[in-house]
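**Student:** sequence and predicted model, in that order:
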Amino acid sequence: MSDDTGPGRHDEEGAAEEKASRVADFMANPRAAVWKLAMPVMLGMAVHTLYNVVDMIFVGRLGGDAIAALTFSMPLSFFAIGMIFGLGSGTTAAIARYLGAGDKRAADNAAEHALLIGLGLGVLLVSGCLTFRYEIFRLLGAPEGVLPLAVAYFEVIAGGFVITILNVTFRSIMTGEGDTRTPVAFQAAGTLLNTALDPVFIFWLGWGVAGAAWATVVCQALVLLAFLIYFFVRRGTYVDLNLGDFSYSRTIVTQILRVGVPASMSMVIMSVGGMFFNRIIVTFGATAVAAYGVGGRLDSIYFMPTIALASSMTTLGGMFYGAGRLDLVRSTLVYTITRGQIMALGLGVTFYLFAPQLLGVFSADPEIVEVATRYIRTIVFAFPFITAGMVSGRTFQGLGNGLPGLLLTSLRVVIISVPLAYLLSHTLDLGLHSVWVAMLVSAVFTSVLALVWIIFRLKRLQAEPAPASDHPSPGSAP
């Protein structure tokens, strides 16, 4: 006869109680919760940014065509992974709201739904990307000298999309329950290993650009193995994943997709916008495309920690809204934006003053560095606005509404930035710099609109209680 009252049983119960207490701890000290959630993500993104820097340095040694190949591939990778990142936001928000309302059973079932959705989407993405890889790059206007390199890199990365999607799904589940430290530790370890393997695969094995992709896929597979062990062997999460207990729920699917689909579509629109920007920029030559890619590596140093800070509002906004504490949603939003502004201003000034020196790390080509410097010294003026807009958008996700983010992204990319960039650079013949100006104008306008929108949304929710479907009763199963 087994004894369920031994030390092992008590240890498991204590660990479960500790994980379950996160909601109460976050509500008791929301400002500390912002950093408890954001700091591990910031550290992980810092490691990821370091990898991007090192990756571009290694690939940059292969020449301008290799840099351009990665630049053409980035929007496609962003397109594919962005779809599941959007659904990951829906997963995080749904689990956070259920836990905030005390409904662990629904949170468990939401995690199981998310895993199955991720698997299905991953298979579809891999099939589509590998089947049409040549047609896609030709449609994007990749020059013949760049096309083979771009395809060689992308077909390896695309083959690993299922692995990456599962990693994002597991991370989103853990973020929803308030644990950002563990998944970031897994991802950071994988990224550091990736950095070490890059020169081996690129130079020692002689695989060139494709070697960078193989290093990424191998390391992501090891990260997936770590997640599988943590979830199914160690049972280290508060939310339980047991597909044997899976019960289809239209309510849960609606909760995930209400945030996930608009967020995914936003990512798709941004990636398509990036493809159109490449199409516009390539008319100024492969050097211009390479400069855009190098500049993007530098401004990612701003975007990565800003995304980490903003992402805390998806979890905290969801938990506080699920618990009926809109006052905490509002005060935490203000706190997060103000702290984000300090970071945006500091990085913006640093990038503006030292752009040539910083960009010189990525490329030894003085023409690429010169063009990239003009890009950075334009886009940094948008940093404070982007911070406010990004935090506002993640707060909408926590409230269970992804539509504002989709509308704002559509406005920024489809209505303003891409048409304005074409108008200024080609119709009015104002040159490449006008493309950077179009990006700046669109980011400032839509970010201000996002901030105004979330302020009015919170006021409306305060006056009109949220629908009952957003506040599941404890112990109820949707």
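**Tutor:** Okay, I see it. Not measured: the values here are computed from a predicted model. Residues are numbered from 1 along each chain as shown.
**Student:** could you give the mean pLDDT of stretch 321-330?
**Tutor:** Per-region confidence: stretch 321-330 scores 89 on mean pLDDT.
**Student:** buried residues in that stretch?
**Tutor:** For stretch 321-330, the neighbour count (16 or more other CB atoms under 10 Å) marks 321, 322, 323, 325, 326, 328, 329, 330 as buried. For every residue, glycine as well, the C-beta is placed using N, CA and C.
**Student:** mind putting these in a markdown table, secondary structure and distance to residue 225 included?
**Tutor:** Written out in a markdown table, the entries for the buried residues of stretch 321-330 read as follows (DSSP: H, G, I helix; E, B strand; the rest coil; distance: CB to CB, whole Å):
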| residue | secondary structure | distance to residue 225 |
| --- | --- | --- |
| 321 | helix | 35 |
| 322 | helix | 33 |
| 323 | coil | 36 |
| 325 | coil | 39 |
| 326 | helix | 41 |
| 328 | helix | 38 |
| 329 | helix | 37 |
| 330 | helix | 41 |
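**Student:** which of these sit farthest apart?
**Tutor:** Farthest-apart pair in the buried residues of stretch 321-330 is 322 and 330; separation 15.4 Å (CB to CB).
**Student:** one step back: just the buried residues of stretch 321-330 now: which is nearest residue 224?
**Tutor:** Residue 224 has its nearest neighbour among these in residue 322, at 29.6 Å by CB to CB.
**Student:** any idea how far that closest one is from residue 27?
**Tutor:** For residue 322, the distance to residue 27 under the criterion CB to CB, to the nearest Å works out to 11 Å.
**Student:** likewise for residue 70?
**Tutor:** Noted for residue 70: a distance of 44 Å to residue 27, by CB to CB.
**Student:** higher neighbour count, the two?
**Tutor:** Under the neighbour definition other CB atoms under 10 Å, residue 70 and residue 27 were set side by side, and residue 70 has more, 28 against 16.
**Student:** any idea how far the more buried one is from residue 202?
**Tutor:** In this structure, residue 70 and residue 202 are separated by 12 Å, where distance is defined by CB to CB.
**Student:** overlap of the contact sets of the two?
**Tutor:** Taking CB atoms under 8 Å, 6 or more residues apart in numbering as the criterion, residue 70 and residue 202 both touch 59, 209, 212.
**Student:** so what's the residue count around the last one?
**Tutor:** Using other CB under 10 Å, residue 212 has 27 other residues around it.
**Student:** give the contact list for it.
**Tutor:** So residue 212 contacts 55, 58, 59, 70, 153, 198, 201, 202 (CB under 8 Å, 6+ apart).
**Student:** from the residues you listed, which land in strands?
**Tutor:** Assigned to strands by DSSP state E, none of these qualify.
**Student:** mind checking which of those residues are buried?
**Tutor:** By 16+ other CB under 10 Å, the contacts of residue 212 give 55, 58, 59, 70, 153, 198, 201, 202 as buried.
**Student:** touching, the fourth one and residue 296? I think so.
**Tutor:** In other words, residue 70. No - with contact defined as CB atoms under 8 Å, residue 70 does not reach residue 296; the gap is 10.0 Å.
**Student:** nearest to residue 180, of the buried ones among the contacts of residue 212?
**Tutor:** Proximity of the buried ones among the contacts of residue 212 to residue 180 was ranked by CB to CB; the top entry is residue 55 with 23.8 Å.
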